[in-house]
Structures are given as C-alpha cells and as structure tokens.
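Colleague: Here is the input, now give the coordinates:
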Amino acid sequence: MTMSDRTVDGQRVRSTTILAVRRDGMLALAGDGQVSIGDTVFKHNAVKLRRMYNDKVIAGYAGAAADALTLFERLEAKLDEYSGNLQRACLELVKQWRTDKALRQLQALLVVGDANSLLLVSGTGDLLVPDGDVIGIGSGGGYAQAAAAALIKHTEMPADEVAREAVTIASRICVFTNDTIAVEVLQ
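Modeller: Take a look at the predicted model:
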C-alpha cells in the first residue's frame, strides 16, 4: 500500500495524481479530482492543491486528505516563522514530522514549490529535491511524470500546459485518476 492508498472499512481508498513541472521560470502544479473507495469512484472533483504564503508557494498532496490538510497548516506556520524560506520551512516541518508522535502517524506526501525550489516532503521524514524539474506523486504520479518528461523534451509547451496534458495522459492509463484537473501556477 502506498501513501496514496489506505483502507476505510476494509475497502482500499485510492486517489490522487499530483504533478509539479518547472519550465522557463514558471512552476505549475496539476492535480486530478478523483477519490475512489474500492472499485467505486467516490468523488470526481476533490481539490488537492493549495496556494500558501501570500500566493508565493504552491503545494499538492497525495494521501489522506485530513492528514495533508494538517501538514499544510503546519507548513504555513513554518513559512510564516521563516519568512517564506521554503527550504528551511520544509526542513523544520520534516524534523517536527519525524519527532512528534501524533504527526508520525500522518499518511501523506507533499509536493511544494516556489520561485526557487521544488521539493517532495514525505511522512518518513524525507525532504527530497528532484534531479530534474518534474515530480509526480500518487496513484498516477509515475505515469504523469513520464508523460511530462516526454512533453518537455519534445515540445515547447509551457509548464502549465505540460502539467495539464501529462495528468490527462495519466487519467487515460490509471483508473484511479480522472480528467477533472486543477492547475496552480507561479511565474
């Protein structure tokens, strides 16, 4: 079971494809809206992206929504505490996440970015910087990431179009991803 998969009353809950793409000074995060319980689509238009710190940071999550929202709140507090320094705020969040008994139980992954950074924050206490300018998480994250890498290599599409199209491609492959796609952009 991955961070984007969990069990509710014996039924596996699967949801989320989140993709971050940075290109030509633009950062775009795209996320689908599907949440599935067992083999049933429960929701089509869930919102899994959030703008933070005076719209200077965008984040997306995979995993339990309530857990992710708790982490979003903690990250926003850290961003305020460290004057918007995303890397420092994420580092402090990861430290807190690893050491706090209640936080350690949270089941979520975050992708966060600002004008300078793109990061993956995990519940195992990892703070990862990707080798490239693309991160995909969740049920269809790998498909979306592969599609985005191909689009970046073979097209001149801007980051927001790459992100939207890559998640759309993932929605055609991953049964836990739909084509109700939200996109947030930082220039």
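Colleague: Please count neighbours and contacts with C-alpha atoms only from this point.
Modeller: OK.
Colleague: State the three-state secondary structure for D67.
Modeller: Following DSSP: H, G, I helix; E, B strand; the rest coil, the label given to D67 is helix.
Colleague: Apart from its neighbours in sequence, what residue is nearest it?
Modeller: Closest residue in space to D67, ignoring its immediate chain neighbours: L106 at 5.3 Å, by C-alpha to C-alpha, 6 or more residues apart in numbering.
Colleague: The residue positioned nearest the centre of the chain and T155: what is the separation?
Modeller: For the chain, G60 is the residue whose C-alpha lies nearest the centre (C-alpha atoms, centre = their mean; 3.2 Å). Plainly put, G60 is 25 Å away from T155 if you go by C-alpha to C-alpha, to the nearest Å.
Colleague: Can you tell me the element G31 falls in?
Modeller: Per DSSP states H and E: G31 is located in strand 26-32.
Colleague: Can you give the strand pairings for the helix or strand just after that strand, parallel or anti for each?
Modeller: Going down the chain from strand 26-32, the next helix or strand is strand 35-37, by DSSP H and E. If you go by DSSP bridges, strand 35-37 pairs up with strand 11-15 (antiparallel), strand 40-43 (antiparallel).
Colleague: What lies in contact with the last one?
Modeller: Identification of contacts with strand 40-43 by C-alpha atoms under 8 Å, 6 or more residues apart in numbering yields 33-36.
Colleague: Could you list the alpha-carbon positions for the helix or strand just after it in PDB?
Modeller: Downstream of strand 40-43, the first helix or strand assigned by DSSP H and E is strand 49-52. Only the C-alpha atoms of strand 49-52 are listed here, as PDB (Å, rounded to 0.1, in the frame of the first residue of the first chain):
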ATOM      1  CA  LEU A  49      -3.700  21.800  -4.400                       C
ATOM      2  CA  ARG A  50      -3.200  24.900  -2.200                       C
ATOM      3  CA  ARG A  51      -1.600  28.300  -2.500                       C
ATOM      4  CA  MET A  52       0.300  29.400   0.600                       C
END
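Colleague: Which elements pack onto strand 49-52?
Modeller: Strand 49-52 makes packing contacts with strand 26-32, strand 57-63, strand 181-186 when contacts are defined by 3 or more C-alpha pairs under 8 Å, 6 or more residues apart in numbering; DSSP states H and E.
Colleague: switch to 6 Å and redo it
Modeller: strand 57-63 (3 or more C-alpha pairs under 6 Å, 6 or more residues apart in numbering; DSSP states H and E).
Colleague: Just the CA coordinates for the strand it packs on, please, in PDB.
Modeller: What follows is strand 57-63 as a C-alpha-only set of coordinates in PDB (Å, rounded to 0.1, in the frame of the first residue of the first chain):
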ATOM      1  CA  VAL A  57       4.200  28.900  -2.600                       C
ATOM      2  CA  ILE A  58       2.000  26.100  -4.100                       C
ATOM      3  CA  ALA A  59       1.600  22.600  -2.700                       C
ATOM      4  CA  GLY A  60      -0.200  19.400  -3.600                       C
ATOM      5  CA  TYR A  61      -0.800  16.300  -1.700                       C
ATOM      6  CA  ALA A  62      -1.300  12.600  -2.000                       C
ATOM      7  CA  GLY A  63      -2.600  10.500   0.800                       C
END
